[in-house]
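Enquirer: Kindly generate the corresponding structure for this input.
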Amino acid sequence: MKILVAVKRVVDYNIKVYVKPDGSNVDIEGLKMSMNPFDENAVEESLRLKEKGIAREVVAVSLGNTLNQDVLRHALAMGADRAILVETDAELQPLAVAKLLKAVVERENPDLILLGKQAIDSDAGQAGQMLAALLNCGQGTYVSTINIENDEVIVTREVDGGTETLAISLPAVLTTDLRLNEPRFVKLPNLMMARKKQIETIAATDLGVVAEPRFNVLNVSAPPTRKSGIRVNSVQELLQKLSDLEGITL
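Expert: Below is the predicted model:
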């Protein structure tokens, strides 16, 4: 079995971001970047499947400019066998991501495609579902467990009422949740060795995909500042304040 894992370069989840003064977008200049946390769970799970002898090859793919090589090298340091960079300077939105990944899937012919359930920068959570639709294959979203049985992948996923278990024929697209696993710690020697490994680079234009944005961001603004709370001296005073807010009489 070959597994293809998509990884995205985003602002590190520990970093607080701010809106640009002109409101055009979020200012990420000079901020620490890292692999999208949900994608890291996808890489970890693919490596565990390989360690169990289920998968024979794990291929990491990222979309963007040359700066994306750092997340690919992180995937290689974790244990991925190969890395592919689909190089483009375009602002990629979910449909363009899905179309580019579809083209890579058609080149690589993997049995299983893993993505994080969403990217923490846009929080769209759409690329995996769109990719499955374009490939006309089965999908499992927000998965918290993965098991391979014969030609099927058995997944547990979260739904509004709890969890459900699905059996999906391969090939399939899965989007991973943080509950799936705990990504391994990458040691420095592995990072150093990953820097010497080859990363295959493919121009997005060579894949025949139009990656230009389909919608424009008009304005970005920070959430309104939360008003400070007040202290009450008694339960009766609290009830009175609540009744005043609701316009009811207690």
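Enquirer: Give me the buried positions along the longest strand belonging to the chain.
Expert: Longest strand in the chain by number of residues (criterion: DSSP state E): strand 138-149. Residues of strand 138-149 classed as buried by neighbour count (16 or more other Cβ atoms under 10 Å): 138-144, 146, 148. Every C-beta, even on glycine, is put in place using the N, C-alpha and C of the backbone.
Enquirer: And for stretch 105-125?
Expert: Counting neighbours by 16+ other Cβ under 10 Å, stretch 105-125 gives 105, 108, 110-120, 125 as buried.
Enquirer: what ranges do the helices span in this structure?
Expert: 37-51, 69-78, 94-108, 127-135, 188-194, 235-246 (DSSP state H).
Enquirer: Where does pLDDT dip in the chain?
Expert: Applying pLDDT under 70 to the chain flags residues 246-250.
Enquirer: how about 80 then?
Expert: 210-212, 245-250 (pLDDT under 80).
Enquirer: which residue is nearest the middle of this structure?
Expert: By Cα atoms, centre = their mean, the chain has its centre lying nearest to residue 116, at 3.3 Å.
Enquirer: Name whatever forms a beta bridge with it.
Expert: residue 176 (DSSP bridges).
Enquirer: Am I right that it is in contact with residue 44?
Expert: No: in this structure residue 116 lies outside contact range of residue 44 using Cβ atoms under 8 Å: 11.0 Å.
Enquirer: about what we covered before: now, the most widely separated pair of the buried residues of strand 138-149?
Expert: The two members of the buried residues of strand 138-149 with the most space between them (Cβ to Cβ) are 142 and 148, at 18.6 Å.
Enquirer: that older thread, from the chain's centre, how far out does the longest strand of the chain sit?
Expert: 15 Å (Cα atoms, centre = their mean, to the nearest Å).
Enquirer: Strand partners (parallel or antiparallel) of that strand?
Expert: When pairing is defined by DSSP bridges, strand 138-149 lines up against strand 152-159 (antiparallel), strand 172-176 (parallel).
Enquirer: which of the ones you listed sits most buried?
Expert: strand 172-176 (a mean of 27; mean count of other Cβ atoms under 10 Å).
Enquirer: and the angle for it with helix 94-108?
Expert: 130 degrees (axes from the mean of the first three to the mean of the last three Cα atoms, to 10 degrees).
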